[in-house]
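Participant: sharing a model that was predicted from the sequence below.
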Amino acid sequence: MNKPSAPHIQIVPIGGLFVTDKDMIIQTVLGSCVATTLFDVERKIAGMNHILLPGTFHNKNVDKMLDEKDLKYGIFSMEKLISGILNLGARKESLEARIYGGSFVNNFNQFLEIQKNNVEFVKEFLKMSKIKIVEEITMQNEALKILLWTSNGKVEISRLPNINKNE
């Protein structure tokens, strides 16, 4: 008797993204970064990104940022995630978005605005793109491991112990 094989797992690194119309699991781990998952409920097409920074244009490296279009910046990652999933045949009106991360994983970064900026950027980008947000788990005190099942759009979240917390 043949054992059923485990689904393929695609890991999305910091500044990465992945879209697919295949049955698999897309995974990432988040601290202060933010991930967005998109899922077309009709066509079973899914994707996930991992954003480090929102990509605002007020620093001295603007020209370099625009030339490289580095996916660690939300402005480029969100655009590529949406276009990638639409290019596989998804329809925007069938998309559901979920937002995760922006966690405070140690005492030092509790005072930084980057988590809030990342989360607010993604929410505004999705609103402008007219994509419905169906879940948001952000601004937590622990890192998150995210698993997206591309067959049904289900997301499994594991809260990781905060080893940097001074208590």
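Facilitator: Received, thanks. Residues are numbered from 1 along each chain as shown.

Participant: for Leu71, grab the count of nearby residues.
Facilitator: When counting by other CB atoms under 10 Å, one arrives at 23 neighbours for Leu71. Where C-beta positions appear, they are placed from N, C-alpha and C, glycine not excepted.

Participant: one more: the one 4 residues further on?
Facilitator: Using other CB under 10 Å, Ile75 is surrounded by 20 other residues.

Participant: in the host helix or strand of it, what counts as buried?
Facilitator: Ile75 belongs to helix 74-87 when assigned by DSSP states H and E. Of the residues in helix 74-87, Gly74, Ile75, Phe76, Ser77, Met78, Glu79, Lys80, Leu81, Ile82, Gly84, Ile85, Leu86 count as buried by neighbour count, 16 or more other CB atoms under 10 Å.

Participant: which one of those residues is nearest to Val19?
Facilitator: Gly84 (4.0 Å; CB to CB).

Participant: surely the closest one meets Gly47?
Facilitator: Yes - Gly84 lies in contact with Gly47 (CB atoms under 8 Å); the separation is 6.0 Å.

Participant: so what sits against both of those two?
Facilitator: Leu17, Val19 (CB atoms under 8 Å, 6 or more residues apart in numbering).

Participant: tell me how far Met128 lies from Glu120.
Facilitator: Noted for Met128: a distance of 12 Å to Glu120, by CB to CB, to the nearest Å.

Participant: of those two, give the one with the bigger neighbour count.
Facilitator: Glu120 (15 against 9).
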